[in-house]
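Peer 1: Sequence and predicted structure below; questions after.
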Amino acid sequence: ANSCGRYYAGTVLFVVGGSSLTAVALPKDIKSDQPHPPGTAAEATVSITNAYIESIVGVAGRFFIHTTGGDPNTAKDNDKNLLFGSPTLIGTSYTTLRVTNGSDTTDYALGDEANPPSSAPVSDGDTVTTAWTVDGITVEQKLSFALNASTQRQDVTNIEYKLTNNNASARDAGIRVLLD
């Protein structure tokens, strides 16, 4: 907690690629009243790419992941989607933010028309970072590559979230990620 109240400052880490999906430190299960956001076609993107995998983030902060070369020992896994969509159809995987202030709880679909990023996706070559500020909570999303313990290669994508309460009062906040 900080002087503004309670928040989840730890990270939520998802590893996509290889043969598994791992989630760490995910807050309690939440149900969103938001409709399933549609994919956005042919939008500008920011990406990180290596010999094994590519992670592409659209202007709304939603992402798509696919193999480039995949496993060097498996000829038929090149250019395969790891999430639904394509490099030109991004948006079926998304994140929701739940904020509780006293007895009021509100869900927000990050990257929809009502909640565009406050800081557009940017890449430093190793990480794509996007940020939203909603209801006084800043959500920072980072996609980067990580070493896969099974293959000893950087052939997985980390999806990391950091939540910060910028309000003068306490808020409970959590995220839910739908990987489609």
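Peer 2: Nice, I can see it. Numbers count the residues shown, from 1 in each chain.
Peer 1: any idea how far Asp107 is from Ile53?
Peer 2: Separation of Asp107 from Ile53 (Cβ to Cβ, to the nearest Å) stands at 30 Å. For every residue, glycine as well, the C-beta is placed using N, CA and C.
Peer 1: out of these two, which sits in the more crowded spot?
Peer 2: Ile53 (24 against 15; other Cβ atoms under 10 Å).
Peer 1: Who are the contact partners of the more buried one?
Peer 2: Residues near Ile53 by Cβ atoms under 8 Å, 6 or more residues apart in numbering: 17, 65-68, 70, 82, 145, 154-157.
Peer 1: so Leu179 touches Leu83, yeah?
Peer 2: Yes: at 6.1 Å, Leu179 counts as touching Leu83 under the criterion of Cβ atoms under 8 Å.
Peer 1: now the strands for this protein?
Peer 2: Using DSSP state E, the strands of the chain run over 12-17, 20-24, 40-41, 45-49, 53-58, 63-67, 89-90, 94-101, 104-109, 119-123, 127-134, 137-146, 156-165, 172-178.
Peer 1: Make JSON lines from the ones you listed and add mean pLDDT to it.
Peer 2: Output for the strands of the chain, formatted as JSON lines (pLDDT from 0 to 100):
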{"stretch": "strand 12-17", "mean pLDDT": "47"}
{"stretch": "strand 20-24", "mean pLDDT": "37"}
{"stretch": "strand 40-41", "mean pLDDT": "46"}
{"stretch": "strand 45-49", "mean pLDDT": "94"}
{"stretch": "strand 53-58", "mean pLDDT": "95"}
{"stretch": "strand 63-67", "mean pLDDT": "94"}
{"stretch": "strand 89-90", "mean pLDDT": "84"}
{"stretch": "strand 94-101", "mean pLDDT": "95"}
{"stretch": "strand 104-109", "mean pLDDT": "96"}
{"stretch": "strand 119-123", "mean pLDDT": "96"}
{"stretch": "strand 127-134", "mean pLDDT": "98"}
{"stretch": "strand 137-146", "mean pLDDT": "97"}
{"stretch": "strand 156-165", "mean pLDDT": "96"}
{"stretch": "strand 172-178", "mean pLDDT": "95"}
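Peer 1: Turn these into TSV, columns for distance to Thr74.
Peer 2: Putting these into TSV (distance: least, Cβ to Cβ, whole Å) gives the following:
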stretch	distance to Thr74
strand 12-17	13
strand 20-24	16
strand 40-41	30
strand 45-49	19
strand 53-58	13
strand 63-67	10
strand 89-90	25
strand 94-101	30
strand 104-109	36
strand 119-123	28
strand 127-134	26
strand 137-146	19
strand 156-165	15
strand 172-178	27
